[in-house]
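S.K.: Just to be clear, the model below is a prediction. Sequence and coordinates:
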Amino acid sequence: MSFPGTWMTESESMIYRVVPKCACSTIGQIMYYSDHGRFFDGDIHDAGQGLHKWNRPESQDLISKAVSDHQTYVFTCVRNPYTRILSSFFDKIAGIQRNGRRYRGNLVPALIQKYGIEVGSPEDNFEFDQIKSFRRFLLFARDSIRFRKPMEPDIHWSAMSGHISTFIANGGRYDKIFWTEKFNEGMADVLRSTKTPQPVDIKEIPRFNESEGHGPKRLHPVEDYFDDLSMHLVFDMYKRDFRLFKYDFENPANKNPIAEIDLDEVHKRLAK
């Protein structure tokens, strides 16, 4: 069995299925802290030790056994699809990455050419029409997800249900799925359900946003970016996310969930 995107504490107190753009940096740092009593110095995605990760060959047998035995608490975290795709645009398309370059090399120039997207630059203080460019990016994101053209969908804007389903399809089961919009409450539930070597006070944990400060600031309320066509494109891409994780498709201004997540329903729907 394969469990890509899965992290586990070295103490095997908890297993987390990473979902990009859903507080994964903060969650990874909390897991690291819960074992070592300190945060990882740098981006937790770069940590090559101190945390088991599926992409580390030496971790795979340990993660597989922990999943199959189901003695280790398993969780993940989701986010409103409207704010998640908007965050992906500002971070990965309009923003400059930590290495000082654009994301994925020639991706942004290709989108400028094929979709007419504008992203500005640090030199002009990222001056561009954010709403128009974002809506054109949505067309590209839909094309990549629906038609796999001009490229395969990127992990940062592919559906959350797709990430979460790989764990279920390979025999895993989640004990908890919580919302980034209620992060402290959800993560506190995880910590109460586990025994960690180091105590963690969720109220004292900083937020680790590795993309912050490397691109333009969002200038408008979330709902201003989504007209009727944009909402249709978003629903086309993320209808399972809205339904399973109980977000409000009708109102982009409402980032909060409108019902409780039914874990049995999630497992039933995503096991297929």
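M.R.: All right, it came through fine. Just so we're clear, the structure is a prediction, and the values are computed from it rather than from any experiment.
S.K.: For the protein, give the strand that spans the most residues.
M.R.: strand 73-78 (DSSP state E).
S.K.: Show residues contacting the helix ranked longest in the chain.
M.R.: Counting residues, the longest helix found in the chain (DSSP state H) is helix 228-245. With contacts defined as C-beta atoms under 8 Å, 6 or more residues apart in numbering, helix 228-245 is touched by 78, 81-82, 85, 135, 138-139, 141-142, 145-146, 157, 159-161, 177, 179, 226, 247-249, 252, 257, 261, 265-266, 269-270. Every C-beta, even on glycine, is put in place using the N, C-alpha and C of the backbone.
S.K.: Of those, which belong to helices?
M.R.: Residues of the contacts of helix 228-245 located in helices (DSSP H): 81-82, 85, 135, 138-139, 141-142, 160-161, 265-266, 269-270.
S.K.: For PyMOL, write the select line for the buried members of those.
M.R.: In PyMOL, this line selects whichever of these come out buried by 16 or more other C-beta atoms under 10 Å:
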select buried, resi 81+82+85+135+138+139+141+142+160+161+266+270
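S.K.: Which one of the ones in helices among the contacts of helix 228-245 is nearest to T26?
M.R.: Nearest to T26 out of the ones in helices among the contacts of helix 228-245 is M160 (C-beta to C-beta; 16.6 Å).
S.K.: Hmm, the closest one is touching V78, no?
M.R.: Yes. Contact between M160 and V78 holds when scored by C-beta atoms under 8 Å: they sit 5.1 Å apart.
S.K.: Now do the longest strand of the chain: which elements does it pack against?
M.R.: With contacts taken as 3 or more C-beta pairs under 8 Å, 6 or more residues apart in numbering; DSSP states H and E, strand 73-78 sits against strand 14-17, helix 160-169, strand 176-179, helix 183-192.
S.K.: Return the most buried member of the ones you listed.
M.R.: Among the helices and strands packed on strand 73-78, strand 14-17 has the highest mean neighbour count (mean count of other C-beta atoms under 10 Å), at a mean of 24.
S.K.: thinking again about what came up before, now for the ones in helices among the contacts of helix 228-245, which pair is the farthest apart?
M.R.: R135 and E265 (32.0 Å).
S.K.: rewinding a little: now the longest strand of the chain: how far from the chain's centre is it?
M.R.: How far strand 73-78 lies from its chain's middle: 12 Å, per C-alpha atoms, centre = their mean, to the nearest Å.
S.K.: what angle separates it from helix 160-169?
M.R.: Angle between the axes of strand 73-78 and helix 160-169 is 160 degrees (criterion: axes from the mean of the first three to the mean of the last three C-alpha atoms, to 10 degrees).
S.K.: model confidence over strand 73-78, on average?
M.R.: For strand 73-78, mean pLDDT rounds to 98.
S.K.: for stretch 135-145, same thing?
M.R.: Mean per-residue pLDDT for stretch 135-145: 97.
S.K.: Return the alpha-carbon coordinates of that stretch using CSV.
M.R.: Taking Å, rounded to 0.1, in the frame of the first residue of the first chain, the C-alpha atoms of stretch 135-145 are listed here in CSV:
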residue,chain,number,x,y,z
ARG,A,135,-10.6,34.8,-13.2
ARG,A,136,-8.3,33.9,-16.1
PHE,A,137,-6.3,31.7,-13.8
LEU,A,138,-9.5,29.9,-12.9
LEU,A,139,-10.0,29.0,-16.6
PHE,A,140,-6.5,27.5,-16.6
ALA,A,141,-7.1,25.6,-13.3
ARG,A,142,-10.3,24.2,-14.7
ASP,A,143,-8.6,23.1,-17.9
SER,A,144,-5.9,21.3,-16.0
ILE,A,145,-8.3,19.5,-13.6
